[in-house]
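> Here's a sequence, model it:
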Amino acid sequence: MKKVGIIGAGIAGIASAIRLANKGYSVEVFEANEYAGGKLSNFEQKGFRFDAGPSLFTLPHLVEELFTLSGKNPTDFFDYERLDVICHYFWEDGTRLKALAQPQDFAQEIERVIGVPAHKVTRFLADSAFKYDVLDGLFLQDSLHKLSTWTSAKALRGYLNLPKLGIFGTMNDANQKQFQHPKLVQLFNRYATYNGSDPYQTPATLNIIPHLEYNIGAFFPRKGMVDITNSLVQLAESLGVVFHYQTPVLEIITSNHQVSGIRTAHSTLDFDIVVSNMDITPTYRKLLPKAQHPDRLLDQPKSSSGVIFYWGINQQFPELDLHNIFFSDNYQEEFKWMFDKNDIYHDPTVYINITSKNKPNDAPSGCENWFVLVNAPANNGQDWDNIIDKLRENILQKISRILSCDIKKHLVCEAILDPRSIESKTSSAQGALYGNSSNNKYAAFLRHANFSSKIKNLYFVGGSVHPGGGIPLALSSAKIMAKEL
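Model (predicted):
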């Protein structure tokens with residue numbers, strides 16, 4: 001039986017372990033932290049439970065198929081619900097919009113609140129579905145680094161529809177043309193942040209993202225986002241996968257341009273195949289110091305990062321829901337500060353996730369657990385302590401203004417995650433949440449393949465390689481890797 005060593009127990013590493021165990025390999029996973037999941041983990045503080053990282057769950061079939069592949073009933077391991085309301089949106093001028101889950105209802109709500117005709121919204125979402133249908137099979141299910149991908153029937157369909165896919169214009173330009181209304185443009189521009197990009201630079205192709213929420217659905221795991229990790233680890237272990245925690249890998253051992261094993265602080269272990277779920281940049285720079293590095297890819301500008309405040313709040317707010325957005329009054333300036341100045345604008349857009357809305361025991365009675373995220377530049381040596389101090393005060397004032405309540409008086413506990421700690425805890429280069437930036441039309445082609453063309457039996461998965469960042473794409477990377485292997 002061939003042996004596989006997987007570096008990192010992030011969601012892509014766990015999914016890779018499951019897929020390869022099902023192929024008959026002996027699989028061991030090596031994780032530097034004392035827990036699995038990477039960003040998709042959780043912690044507790046003073047009776048409040050917080051999901052540490054990703055907070056939106058889409059494309060649940062990508063999780064479920066790992067159970068069915070393993071001959072298991074997904075509902076025996078993992079349970080989730082579809083959301084009736086996707087997000088509550090707030091603007092400083094008092095405008096409030098509820099994004100209802102059904103596209104037609106959402107379109108009618110937009111017409112009622114903002115005045116944009118409903119048919120424009122339904123047309124946009126239909127176009128989003130069309131783009132996704134064309135690109136899913138090509139970009140998200142197959143390797144872009146194989147000739148067979150580009151000569152397939154799926155590729156031909158892509159070539160024939162190229163003008164309709166938004167590759168040659170920006171997301172903002174497309175949304176301006178479609179809607180004109182600044183609030184609705186801003187609402188759909190925000191989907192660029194789902195892969196850490198700037199809507200004023202990234203291709204309009206990313207307008208496929210709203211399709212996932214509105215046409216397919218947004219969901220919530222009933223035990224919290226961490227249950228994606230916990231249930232998949234349980235599944236992997238039932239298949240014989242062995243997890244080694246607090247065991248960072250120090251080197252990938254190669255011989256004659258072929259993988260031969262890994263080295264940890266305690267031992268050197270032989271493996272026939274190695275899969276790295278570590279960010280591609282530290283994989284090369286730290287674990288493969290003697291190998292030829294793809295510097296052109298590794299040196300690409302990074303995606304955005306984030307600053308997260310985990311706040312225990314001793315009050316409940318009925319106007320808030322599971323997902324909430326408090327928009328900046330100058331969205332374009334916010335992105336200029338992030339990507340041009342490597343700083344955070346004084347009036348940033350604020351996202352608040354409150355899992356206690358759907359899972360009441362995540363907070364003490366009468367309280368709420370607030371996961372408060374602001375998009376931030378990647379770590380380039382900024383004075384983060386100073387930036388965070390200013391940011392904290394600015395967003396407390398912003399939320400307090402919009403909710404007409406002094407939030408600071410209701411804070412009972414706090415934890416903070418910033419680009420420095422994201423980098424140290426998850427080995428993400430510069431703390432970038434999605435690997436390389438997608439702020440140009442060639443971004444899809446500037447991600448590393450899921451295999452090495454120089455070192456035999458070395459593979460790569462996770463958000464820093466093809467097809468990209470976020471839970472669905474990380475899971476897809478494992479699927480592509482397993483297919484290539």
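
> Just the pLDDT for Phe168.
Note on Phe168: pLDDT of 81.

> wait, is it part of a strand?
No. Under DSSP: H, G, I helix; E, B strand; the rest coil, Phe168 sits outside any strand and is assigned coil.

> What are the buried residues along stretch 456-468?
Of the residues in stretch 456-468, Asn457, Leu458, Tyr459, Phe460, Val461, Gly462, Gly463, Ser464, Val465, His466, Pro467, Gly468 count as buried by neighbour count, 16 or more other C-beta atoms under 10 Å. Placement of C-beta: from N, CA and C, glycine included.

> got it, and stretch 202-222?
So, applying 16+ other C-beta under 10 Å, buried residues of stretch 202-222: 202-214, 217-221.

> What about the residues you listed, which are in strands?
In strands, defined here by DSSP state E, the members of these are Phe219, Phe220, Pro221.

> Out of the residues you listed, which is nearest to Ser16?
Pro221 (20.7 Å; C-beta to C-beta).

> Can you read off the pLDDT for that closest one?
98.

> next one: His145
His145 is given a pLDDT of 70.

> I'd say it and Ser452 touch.
No. Taking contacts as C-beta atoms under 8 Å, His145 lies outside contact range of Ser452: 10.5 Å.

> For my notes, confirm Glu414 occurs in a strand.
Yes. The assignment for Glu414 is a strand, going by three-state DSSP.

> ok, it - contacts?
Applying C-beta atoms under 8 Å, 6 or more residues apart in numbering, we find Glu414 in contact with Phe309, Tyr310, Trp311, Gly312.

> Just put the ones in strands among the buried residues of stretch 202-222 in TSV and tack on distance to Thr247.
TSV is the format used below for these (distance: C-beta to C-beta, whole Å):
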residue	distance to Thr247
Phe219	33
Phe220	32
Pro221	27
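
> The stretch 351-485 of the chain: strands as residue ranges?
368-376, 411-417, 458-460 (DSSP state E, counting those that start in this stretch).

> Tell me the helices and strands packed up against the shortest one.
The contact analysis (3 or more C-beta pairs under 8 Å, 6 or more residues apart in numbering; DSSP states H and E) places strand 458-460 against strand 273-276, helix 471-484.

> quick one: which of the buried residues of stretch 202-222 sit in helices?
Ile209, Pro210, His211 (DSSP state H).

> who touches the residue lying closest to the first one once chain neighbours are set aside in this structure?
I take that to be Ile209. Excluding the flanking residues, the one nearest Ile209 by C-beta to C-beta, 6 or more residues apart in numbering is Tyr191, at 4.2 Å. Tyr191 makes contact with Met171, Pro199, Leu206, Asn207, Ile209, Pro210, according to C-beta under 8 Å, 6+ apart.

> Which of these sits closest to Lys183?
For those, the nearest to Lys183 is Pro199 (14.1 Å; C-beta to C-beta).

> Can you verify my assumption that that closest one contacts Ala174?
No. With contacts counted by C-beta under 8 Å, Pro199 stays clear of Ala174, the gap being 9.5 Å.

> Can you show me the helices along the stretch 51-200 of the chain?
Taking DSSP state H, counting those that start in this stretch, the helices of the stretch 51-200 of the chain run over residues 61-69, 103-113, 118-135, 147-150, 153-160, 171-179, 182-189.

> now those helices in a markdown table, with distance to Lys408?
Formatted as a markdown table, these follow (distance: least, C-beta to C-beta, whole Å):
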| stretch | distance to Lys408 |
| --- | --- |
| helix 61-69 | 38 |
| helix 103-113 | 30 |
| helix 118-135 | 37 |
| helix 147-150 | 53 |
| helix 153-160 | 51 |
| helix 171-179 | 34 |
| helix 182-189 | 27 |
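
> Which of His145 and Ser452 has more residues huddled nearby?
Neighbours were counted for His145 and for Ser452 using other C-beta atoms under 10 Å; Ser452 has more, 25 against 17.

> residues touching the more buried one, list them.
Ser452 makes contacts with Leu458, Tyr459, Phe460, as judged by C-beta under 8 Å, 6+ apart.

> Now that we have these, can you turn them into TSV and tack on distance to Asp340 and pLDDT?
Formatted as TSV, the contacts of Ser452 follow (distance: C-beta to C-beta, whole Å; pLDDT from 0 to 100):
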residue	distance to Asp340	pLDDT
Leu458	36	98
Tyr459	36	98
Phe460	30	98
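
> Sort out which one of those lies nearest Arg49 for me.
Among those, and counting by C-beta to C-beta, the member closest to Arg49 is Phe460, at 32.4 Å.

> from memory that closest one sits against Asp279, does it?
No. Phe460 is not in contact with Asp279 according to C-beta under 8 Å; the separation is 9.7 Å.

> and Ile455, how far is that from Gln292?
Separation of Ile455 from Gln292 (C-beta to C-beta, to the nearest Å) stands at 9 Å.

> More neighbours: which of those two?
A count of neighbours by other C-beta under 10 Å puts Ile455 above the other of Ile455 and Gln292, at 19 against 11.

> who's in contact with that one?
Shown in contact with Ile455 (C-beta under 8 Å, 6+ apart): Thr254, His257, Gln258, Val259, Leu288, Ala291.

> returning to what we had before: now for the strands of the stretch 351-485 of the chain, which one comes closest to Leu298?
Among the strands of the stretch 351-485 of the chain, the nearest to Leu298 by C-beta to C-beta is strand 458-460 (12.2 Å).

> Tell me the gap between that closest one and the middle of its chain.
21 Å (C-alpha atoms, centre = their mean, to the nearest Å).

> on that earlier part again, now rank the contacts of Ile455 by neighbours and give me the top one.
Val259 (23 neighbours).

> Quick check: phi and psi at that residue.
phi -60, psi 140 (degrees, to the nearest 10).

> which other residues reach stretch 229-244?
Under C-beta under 8 Å, 6+ apart, the answer for stretch 229-244 is 9, 11, 14-15, 17-18, 21-22, 26-31, 36-37, 40-41, 63, 66-67, 70, 72, 77-78, 223, 264.

> Looking at those, which are in helices?
Ile11, Ile14, Ala15, Ala17, Ile18, Ala21, Asn22, Val63, Leu66, Phe67.

> Who wins on neighbours among those?
Busiest of the ones in helices among the contacts of stretch 229-244 [other C-beta under 10 Å] is Ile14, holding 33 neighbours.

> isn't it right next to Val27, touching?
No. Using C-beta under 8 Å, Ile14 is not in contact with Val27; the gap is 10.4 Å.

> what about Phe106, distance to Val85?
In this view, Phe106 and Val85 are 10 Å apart by C-beta to C-beta.

> So which of the buried residues of stretch 456-468 is the closest to Val113?
For these, the nearest to Val113 is Gly468 (32.3 Å; C-beta to C-beta).

> quick one: which of Pro199 and Ala174 has more around it?
Pro199 (26 against 22).

> Could you report the pLDDT at the more buried one?
97.

> Need phi/psi at it.
Backbone torsions for Pro199, taken as degrees, to the nearest 10, come to phi -60, psi -20.

> now do the one 3 residues further on
Dihedral angles of Thr202 (phi, psi; degrees, to the nearest 10) stand at phi -70, psi 150.

> Distance-wise, check it relative to Glu251.
For Thr202 relative to Glu251 (C-beta to C-beta), the value is 36 Å.

> Please apply the same query to Cys413.
For Cys413, the distance to Glu251 equals 40 Å [C-beta to C-beta].
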